[in-house]
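structure for this input, please:
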Amino acid sequence: MPSLQWRGKESVINHHREVPYHLLQDEAALSEGEPGSGNLLVEGDNLLALKALLPYYAGQVKCIYIDPPYNTGNEGWVYNDNVNSPDMRKWLGETVGRDDLTRHDKWLCMMYPRLVLLRQFLREDGAIFISIDDNEVAHLRCVMDEIFGERNFIANVVWQKKQSPQNDAINLSDMHDHILVYARRAKANRIDPEGWQRNLVLRGDAQDQRYTNPDDDPRGPWTSADYTCNKTADERPNLYYPITNPDTGEELWPSRRRVWAFDPSAHEHNAAENRIWWGSNGKGRPRIKKFRSEVAEGIVPSTWWTRELAGDNQESRRELRSLLPEANVDFSTPKPSRLVRRILELATCSQSLILDSFAGSGTTGHAVMQLNKEDGGSRRFILVEMESDICRNITAERLRRAINGYGNVESLGGGFRYATLGDTLFDKDGRIRQGVVFNDLARHVFFSETGAPMPSGDGPRSPLIGVHNGIAYYLLFNGVLGDKRVNGGNVLTKAILSSFPPHNGPRVVIGEGCRLADSTLKRSGIVFKQIPYQIEVDG
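Predicted structure coming up:
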């Protein structure tokens, strides 16, 4: 498969592994509503935040939607990538300029490690939707093919973002944005139970108005469809035959280039069931009746989303001004909640987890709560916004007002937890920091060992932190670093071993030290790893 090359790529391919794990700090004063809603807003650089969130949410997200900087050359975006390579320091340290090479290289270096981390959050049946315009869509498509796999490309949705052309456009007025859609694992066929599967979307009034009942059919409203198919007489000779109009007696043949869609026996069945429409005067060519009662409740989504269907930029600006009339901020590529809701409708179920690591004004969180209010769902969101002023005064405030109601708009209910990025779990020498608590270390240890979030959650502390693929993982850590006393609780002894919750299978024990002989460990099916030397600092 062809791959895209750019200056600095070699430094960012594995950069996500070098990003340190930070602790998340709850900010109760900035949180809102129901604490158990499961919604989370994180303030901080999204690369660091994504790494911090992995031990909690890896492999659990059904839908990711991001609206990253479009890299038009007029944006002032700054994302902190602390890469040690002098080459990368040069490129990532510069302000985004007008030179095309500088802009594209810098943007790709910023996006690559974030996309690698985002992929790890998706469930096997999850998908990611990325808004982008023509500046970077070609580059993004190549990078996504590389990270997610070319076969997992689902669609390039074209969204009409404007109502009317710009009269001051130098060349052509751009009227659309793209939304690239990739699955974590695309369905190989219709019966594949593992891969991502889109939902049908609700029909609008325009679709329902197509169904009428001009002949008072007792089966209710219907619409008619073509009676032919896109096959030639040479390909399907059994579909090339005459049909007689029952009212006129006229014998009708299909074109040799487009034959009937039904063979003679199926046609006889359609006629007997009164499923053929010959026009209002009975003298037309045959058409097949499609009854409203027999079609699915939704329609197959297409890749063309008009502003009537999914809103436009002007609508999103009005929406934000109505929510935050006092806010003095202008987002360069605002998205209406109707656009995000359409994504959620076709990509999530009522209990899905949704992630947006370029949260901006908080449209994704707002759309999740709107949809939950409409259908009684319990979807949850994780939002990340790096700029503190925007996160606190725009993103969080928008969510608060949506939760509590504003003006004449009814409360959506729910709530969210606000968090910031704290210290790293490990210091620069790879040692666990003072003040780290059991659950923080346990989550990191379990994730670094298994690649999955710790299943035991925030329950009572137990040396058994989880079982994955038949292997039990135990952590001996009392919160006092370097405590290697036999009775201190951090050292594996016979007494500690006998106190372990039982497990019928192999076991991994992580602790400050081990007083058991190798033969005892082998007999007990235990692999021992020492803190901190055998704990993976980066992922």
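
where are the low-confidence patches of this structure?
The model of the chain has pLDDT under 70 over residues 76-101, 190-191, 203-207, 296, 329-330, 332, 456-461, 537-539.

how does it divide up, domain by domain?
Domain assignment for the chain, taken from automatic domain parsing, gives 9-203+299-424, 205-294, 438-530.

turn the ones you listed into JSON lines, columns for mean neighbour count.
Just so you know, the C-beta spots here come from the backbone N, C-alpha and C atoms, and that holds for glycine as well. Output for the domains of the chain, formatted as JSON lines (neighbours: other C-beta atoms under 10 Å):
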{"stretch": "domain 9-203+299-424", "mean neighbour count": "18"}
{"stretch": "domain 205-294", "mean neighbour count": "14"}
{"stretch": "domain 438-530", "mean neighbour count": "16"}
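
now those domains as CSV including distance to Arg431?
Formatted as CSV, the domains of the chain follow (distance: least, C-beta to C-beta, whole Å):
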stretch, distance to Arg431
domain 9-203+299-424, 11
domain 205-294, 62
domain 438-530, 8
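
who touches the helix or strand hosting Leu355?
Assigned by DSSP states H and E, Leu355 belongs to strand 353-356. Strand 353-356 is contacted by residues 38, 57, 60-67, 118, 121, 344, 348, 364-365, 368, 379-384 when judged by C-beta atoms under 8 Å, 6 or more residues apart in numbering.

got it, and stretch 412-424?
Taking C-beta under 8 Å, 6+ apart as the rule, stretch 412-424 contacts 20-28, 30-37, 39-45, 48-49, 52, 365, 369-370, 372-373, 381, 396, 399, 402-403, 405, 433, 435.

just the CA coordinates for it, please, in PDB.
Taking C-alpha atoms only, stretch 412-424 is exported to PDB below (Å, rounded to 0.1, in the frame of the first residue of the first chain):
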ATOM      1  CA  LEU A 412     -31.500  18.300  29.300                       C
ATOM      2  CA  GLY A 413     -30.500  17.000  32.800                       C
ATOM      3  CA  GLY A 414     -27.400  14.800  33.400                       C
ATOM      4  CA  GLY A 415     -24.100  16.100  34.400                       C
ATOM      5  CA  PHE A 416     -20.300  15.900  33.900                       C
ATOM      6  CA  ARG A 417     -17.100  15.500  35.800                       C
ATOM      7  CA  TYR A 418     -14.400  18.100  35.200                       C
ATOM      8  CA  ALA A 419     -10.800  17.000  35.400                       C
ATOM      9  CA  THR A 420      -7.300  18.500  34.800                       C
ATOM     10  CA  LEU A 421      -4.000  16.800  34.100                       C
ATOM     11  CA  GLY A 422      -1.900  16.300  37.300                       C
ATOM     12  CA  ASP A 423       1.600  15.000  37.700                       C
ATOM     13  CA  THR A 424       3.000  12.200  35.700                       C
END
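
what pairs with Ala186 across the strands?
Beta-bridge pairing of Ala186 under DSSP bridges involves Trp196.

please report how far it lies from Trp305.
21 Å (C-beta to C-beta, to the nearest Å).

what helices or strands is whichever strand or helix holds Ser498 leaning on?
In this structure, Ser498 is located in helix 494-499 according to DSSP H and E. For helix 494-499, not one helix or strand is in contact under the criterion 3 or more C-beta pairs under 8 Å, 6 or more residues apart in numbering; DSSP states H and E.

does the closest residue to Leu24 other than its chain neighbours belong to a helix, a strand or coil?
Excluding the flanking residues, the one nearest Leu24 by C-beta to C-beta, 6 or more residues apart in numbering is Ala419, at 4.6 Å. Assigned by DSSP: H, G, I helix; E, B strand; the rest coil, the conformation of Ala419 is strand.

I'd like to know how far Phe477 sits from Phe500.
Remark: distance between Phe477 and Phe500 (C-beta to C-beta) = 14 Å.

re earlier: what's the following helix or strand after the helix holding Ser498?
Next element after helix 494-499 (DSSP H and E): strand 507-511.

re earlier: quickly list what the residue nearest to Leu24 is bridged to.
Applying DSSP bridges, one finds that Ala419 bridges with Asp26, Val42.

and it, how far from Leu23?
According to C-beta to C-beta, Ala419 and Leu23 sit 10 Å apart.

need the residues touching each of these two.
By C-beta under 8 Å, 6+ apart, Ala419 and Leu23 have no common neighbours.

is the residue nearest the centre of the chain in a helix, a strand, or coil?
With distances taken as C-alpha atoms, centre = their mean, the chain has Ile64 as the residue nearest its mean C-alpha position (1.5 Å). Here Ile64 is recorded as strand under three-state DSSP.

so who does it touch?
Leu118, Phe121, Leu122, Gly126, Ala127, Ile128, Phe129, Ile354, Leu355, Asp356, Ser357.

tell me where the stretch 351-500 of the chain has strands.
In the stretch 351-500 of the chain, the strands defined using DSSP state E, counting those that start in this stretch lie at 353-356, 380-385, 415-424, 464-468, 471-475, 491-492.

and those strands: which comes nearest Ala517?
strand 491-492 (11.3 Å; C-beta to C-beta).

each with direction, which strands does that closest one pair with?
On the basis of DSSP bridges, the sheet neighbours of strand 491-492 come out as strand 513-514 (parallel).

what sits up against the partner strand?
Residues outside strand 513-514 that contact it (C-beta under 8 Å, 6+ apart): Lys484, Asn490, Val491, Leu492, Leu521, Phe528, Gln530.

got the contact list for the fifth one?
Same thing as Leu521. Taking C-beta under 8 Å, 6+ apart, we find Leu521 in contact with Cys514, Val527, Phe528.

recalculate using a threshold of 6 Å.
The contact partners of Leu521, by C-beta atoms under 6 Å, 6 or more residues apart in numbering, come to none.

got the CA positions of whichever strand or helix holds it in CSV?
In the assignment (DSSP H and E), Leu521 maps to helix 518-523. Written as CSV, here are the backbone C-alpha positions of helix 518-523 (Å, rounded to 0.1, in the frame of the first residue of the first chain):
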residue,chain,number,x,y,z
ASP,A,518,12.0,-19.6,42.1
SER,A,519,10.8,-23.2,42.6
THR,A,520,7.9,-21.9,44.7
LEU,A,521,6.9,-19.3,42.1
LYS,A,522,7.0,-21.9,39.4
ARG,A,523,5.0,-24.4,41.4
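
hey, C-alpha coordinates of the helix or strand hosting Ala127 in PDB?
Assessed by DSSP H and E, Ala127 sits inside strand 122-132. The C-alpha trace of strand 122-132 is given here as PDB (Å, rounded to 0.1, in the frame of the first residue of the first chain):
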ATOM      1  CA  LEU A 122     -12.300   2.100  19.800                       C
ATOM      2  CA  ARG A 123     -14.300  -1.000  20.400                       C
ATOM      3  CA  GLU A 124     -14.100  -3.700  17.700                       C
ATOM      4  CA  ASP A 125     -17.400  -2.400  16.400                       C
ATOM      5  CA  GLY A 126     -16.500   1.300  16.800                       C
ATOM      6  CA  ALA A 127     -15.800   4.000  14.200                       C
ATOM      7  CA  ILE A 128     -14.200   7.400  14.000                       C
ATOM      8  CA  PHE A 129     -15.600  10.400  12.200                       C
ATOM      9  CA  ILE A 130     -13.200  13.300  11.300                       C
ATOM     10  CA  SER A 131     -14.300  16.700  10.000                       C
ATOM     11  CA  ILE A 132     -11.800  18.200   7.600                       C
END
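
before I go, just wanted to say thanks for your time.
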